[in-house]
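Peer 1: coords please:
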Amino acid sequence: MSHPETPCSARKERVIALSREYLMPARVSAWERLGVPLVIGRREGYRIWDLDGRELLDVHLNGGTYNLGHRNPELVELLRQSFDELDVGNHHFPSEARAELAEALACCTPGPLHYSMFVPSGSEANDLALRIARHATGRRKIVSLEAAYHGRTGLSAAAGRPDMARYFHSDYPAEFVTVPFEDLPAMEHALSNRDVACVLMETIPATYGFPVPSDGYLPGVKALCERTGTLYVADEVQTGLGRTGWLWGVEAWGVEPDLLVTGKGLSGGLYPMAAVTMTKSVGAFLEEQGWGYVSTFGGAEPGCRVAKRVLEICSRPEVLAGARRTAERLVKGLEELRARHPYLTGIRKKGLVMALETGADGGAIRLSRALYRRGVWAMFSGFAPSVLQWKVGLLADDAYCEALLGRLDAALTDVEAESSA
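Peer 2: A predicted model of the protein is given here:
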């Protein structure tokens with residue numbers, strides 16, 4: 001029921017109270033303690049407005065879900081048109097929208113990737129990729145990075161940071177091995193018994209603060225996989241779709257994965273969509289067993305139409321070139337700020353995949369709060385709270401970037417004053 005007569009502040013208080021009572025009490029309390037009582041109302045482009053009407057520049061983008069902006073007009077219009085003729089569809093039968101999206105993924109992903117399967121979320125896509133890898137290799141063990149995040153469903157929750165897996169009592173923890181980031185000897189040891197189904201790799205680990213791999217790391221992991229009969233699964237949920245300046249992050253390192261997972265931005269921020277794309281050999285079961293995995297809402301037809309257009313937009317040469325130019329402009333501005341603000345100690349960057357180092361434990365949490373007060377929403381890294389994620393959208397213009405850098409300048413001044421008080 002809507003309450004148009006309710007003032008914004010009262011409406012916001014009501015939403016917070018309902019969320020505390022029925023939805024996520026611990027999270028509501030956590031945001032209040034952090035000084036970020038945000039309830040998003042209007043949203044447009046790379047801006048969001050609190051229900052109180054306060055504007056914020058969005059450089060969280062919900063993990064890249066809004067790479068092309070909130071409510072991108074081209075995608076909104078396409079979705080409206082889709083609803084004139086389509087509904088979710090029936091997953092048992094061929095579908096024009098699903099088939100065309102699968103073809104588009106086969107054409108735009110690196111190397112010999114061919115078959116695709118669709119699910120509503122990145123967590124489910126990673127979960128599905130691990131099941132496929134186990135079937136294709138006949139092995140059960142999964143290797144991932146210690147500080148990785150791959151989702152909160154089943155197998156995806158068991159991969160990555162061990163304490164997250166233990167929280168929900170994941171089964172068979174011995175089958176999930178984690179190794180440190182950038183440690184090839186540890187990876188080689190983990191694969192040495194040739195009993196690992198796959199290595200699941202975020203191309204640039206997001207929740208760990210986007211540490212950029214060295215030139216030889218990802219190719220080195222891929223070479224170890226090939227030597228030991230292990231499949232390489234590229235988790236491109238946050239680094240794909242043009243964010244690195246390449247359509248897929250792994251392309252920047254010349255790696256051709258056996259399976260590639262995409263989500264978040266594939267949805268256009270409008271319709272839940274994620275995909276697993278795999279080589280013909282890995283997906284051979286699709287030629288044998290048509291019902292090995294089904295999903296009622298995976299590959300919903302309106303979402304497929306949107307996802308195909310997302311791929312088209314992100315593949316446009318002018319979009320990729322514009323993203324590279326925006327990244328260069330931002331890095332120049334960030335370096336100027338770093339020269340003037342000791343609180344900002346480093347800049348991690350690969351295209352528009354960026355993060356700001358503060359050099360202080362919890363420093364990114366304090367900077368996130370200061371930015372919120374100055375009209376920017378930027379998320380600290382959950383597994384590296386000294387690092388602030390800095391996710392500017394692919395279509396951001398110069399005026400937006402100037403405003404963003406100006407507000408960051410003010411927030412850094414604020415947090416430095418607080419630190420010295």
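Peer 1: touching, E202 and G240? I think so.
Peer 2: No: assessed by Cβ atoms under 8 Å, E202 is found out of contact with G240, at 10.6 Å. Any C-beta I mention is one placed from the backbone N, CA and C, and that applies to glycine too.
Peer 1: which phi and psi does F93 have?
Peer 2: phi -120, psi 160 (degrees, to the nearest 10).
Peer 1: that one and E336: what is the separation?
Peer 2: Relative to E336, F93 is positioned 57 Å away (Cβ to Cβ, to the nearest Å).
Peer 1: what does M201 give?
Peer 2: Remark: distance between M201 and E336 (Cβ to Cβ) = 34 Å.
Peer 1: compare the two (neighbour count), which wins?
Peer 2: Per other Cβ atoms under 10 Å, whichever of M201 and E336 has more neighbours is M201, with 28 against 12.
Peer 1: Three-state assignment for that one, please.
Peer 2: strand (DSSP: H, G, I helix; E, B strand; the rest coil).
Peer 1: my read is that it contacts A234, right?
Peer 2: Yes: using Cβ under 8 Å, M201 is in contact with A234, at 6.1 Å.
Peer 1: any idea which helix or strand carries Q389?
Peer 2: Under the criterion of DSSP states H and E, Q389 resides in strand 384-390.
Peer 1: Y232 now?
Peer 2: Y232 is located in strand 231-235, with elements delineated by DSSP H and E.
Peer 1: need the next SSE after that strand, C-terminal direction.
Peer 2: Note on strand 231-235: by DSSP H and E, the next helix or strand toward the C-terminus is strand 259-262.
Peer 1: next SSE downstream of that following strand?
Peer 2: Next along from strand 259-262, by DSSP H and E: strand 274-279.
Peer 1: report the distance from that following strand to the chain centre.
Peer 2: Its chain's C-alpha centre and that of strand 274-279 lie 16 Å apart, by Cα atoms, centre = their mean, to the nearest Å.
Peer 1: just want the angle from it to strand 231-235.
Peer 2: Counting by axes from the mean of the first three to the mean of the last three Cα atoms, to 10 degrees, strand 274-279 points 150 degrees away from the direction of strand 231-235.
Peer 1: give me the residues contacting strand 274-279.
Peer 2: Contact with strand 274-279 is made by 101, 105-106, 109, 111-122, 124-125, 128-129, 132, 237, 258-264, 266-267, 298, 307, as judged by Cβ atoms under 8 Å, 6 or more residues apart in numbering.
Peer 1: ok, now how distant is E13 from D50?
Peer 2: For E13, the distance to D50 equals 12 Å [Cβ to Cβ].
Peer 1: helix or strand right after whichever strand or helix holds G303?
Peer 2: Counting by DSSP H and E, the element that carries G303 is helix 301-315. Remark: after helix 301-315, the chain's next helix or strand is helix 317-340, criterion DSSP H and E.
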